[in-house]
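[1] Any chance you could fold what I've pasted below:
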Amino acid sequence: MSDLLADFARADFTHEAVTHHYYRLGSGPAVIVLAEVPGITPKVIEFARRVAATGLTVYVPSLFGTDGAAPMPDGVGDLPRTGATWAKSLGRICVSREFTVLATGRSSPVVGWLRGLAAQAHTECGGPGVGAVGMCVTGGFALAMAVDDRLLAPVLSQPSLPLRLTPGRKRSIDISDDDLAVVQARCARGLKVFGTRFEGDCLVPDERFAFLKDKLGAAFIDASLPADAANPAARTPPHSVLTEHLDDRPGQRTRQTLDDVLDFLATRLEVRP
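    Below is the predicted model of the structure:
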């Protein structure tokens, strides 16, 4: 285990013959924090700690990549090498039967395992329900998990699937029609869905958030940010709102979005009035 995760409890979880391990930290109602490509990076761990600090328990499942590894090899901001690291993780995702990368109108099979983990987390942690934060390739998973009434606080950060290879894939997200209908009905009854991204991000086209607004109406909280809000010190194009491209200085727009996400989770899970 990476030293960055040393104070997290590690455990395996099996659901429908599928096993992954996860890391747990904190106390209070549970939030499933889903890593982005290339995996559970130091910035993802830092975000998970901030969620736990609000009075919540984070569960961070390991679905791909090397736990605790930096996205840039040896910490060097070298774009070709970083791209190679990300491409390696993405390549494994693309060939995995657990992930639906290209198809529209489908929820990834791994969502079933995540729903099972969320159910266990709710049993273990109590509270009114569970939250979920998906990022990048896992962004849409938080939406698909919301077919379960226990999921009260879904956050979609730069949801990047399906990959935008055709115009039709731009105006879609990786959730089946049946699952989306359930989420729509829940939104009509009061569920809120928080979404954030950088405008101009080629992996998260404008049409995707327009689709979510059309399908979910006022229940969809659109926290899109201009590209120039990204951390100017980042070495890659604006993409990861809550992690790699977070400008954590007070008053910065990404910092405000981070605070809004934390407030959304804490309020919906009733640890903050």
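
[2] Now do the contacts for Phe211.
    Arg171, Ser172, Ile173 (CB atoms under 8 Å, 6 or more residues apart in numbering). Yep, even glycine has a C-beta here, placed from its N, CA and C like the rest.

[3] any idea which of the residues you listed is closest to Leu246?
    Nearest to Leu246 out of those is Ile173 (CB to CB; 22.9 Å).

[4] okay, now the closest one: neighbour count?
    Neighbour count of Ile173, defined by other CB atoms under 10 Å: 25.

[5] And for it, nearest residue in space, chain neighbours not counted?
    Gly140 (4.6 Å; CB to CB, 6 or more residues apart in numbering).

[6] was I right about that neighbour contacting Asp179?
    No. If you go by CB atoms under 8 Å, Gly140 and Asp179 don't touch, sitting 10.1 Å apart.

[7] which of the two has more neighbours?
    Comparing Gly140 with Asp179 by other CB under 10 Å, the one with more neighbours is Gly140, at 26 against 19.

[8] residue contacts, that one?
    Ser108, Gly134, Leu156, Pro159, Leu161, Ile173, Asp174, Ile175.

[9] If we use 7 Å, what do you get?
    Gly134, Leu156, Pro159, Leu161, Ile173, Asp174, Ile175 (CB atoms under 7 Å, 6 or more residues apart in numbering).

[10] With Leu4 instead?
    Leu4 neighbours (CB under 7 Å, 6+ apart): Pro42, Ile45, Gly68.

[11] Could you measure from the second one over to Leu63?
    Think Ile45. The gap separating Ile45 from Leu63 is 15 Å, by CB to CB, to the nearest Å.

[12] swap in Val241?
    Distance of Val241 to Leu63, computed by CB to CB: 20 Å.

[13] what do you get for His245?
    With CB to CB as the criterion, His245 and Leu63 are 21 Å apart.

[14] And the average pLDDT for the lengthiest strand in the chain is what?
    Longest strand in the chain by number of residues (criterion: DSSP state E): strand 18-26. Averaged over strand 18-26, pLDDT sits at 96.

[15] For that strand, name the packing helices and strands.
    strand 9-15, helix 42-53, strand 57-61, helix 110-125 (3 or more CB pairs under 7 Å, 6 or more residues apart in numbering; DSSP states H and E).

[16] any residues touching stretch 263-273, and which ones?
    Contacts of stretch 263-273 (CB under 7 Å, 6+ apart): 28-29, 31, 51, 54-56, 127-129, 131, 152-153, 155, 192, 194.

[17] Inside helices: which ones of those residues?
    Counted as lying in helices by DSSP state H, out of the contacts of stretch 263-273, are Val51.

[18] From the contacts of stretch 263-273, list just the buried residues.
    Among the contacts of stretch 263-273, the ones that count as buried by 16 or more other CB atoms under 10 Å are 28-29, 31, 51, 54-56, 127, 129, 131, 152-153, 155, 192, 194.

[19] What does the pLDDT read for Glu46?
    Confidence for Glu46, expressed as pLDDT, is 98.

[20] count of residues packed around it?
    14.

[21] Would you mind listing the residues in contact with it?
    Neighbours of Glu46 in contact, by CB under 7 Å, 6+ apart: none.

[22] Over to Phe194?
    Phe194 neighbours (CB under 7 Å, 6+ apart): Val155, Leu156, Ile221, Ala223, Val261, Phe264.
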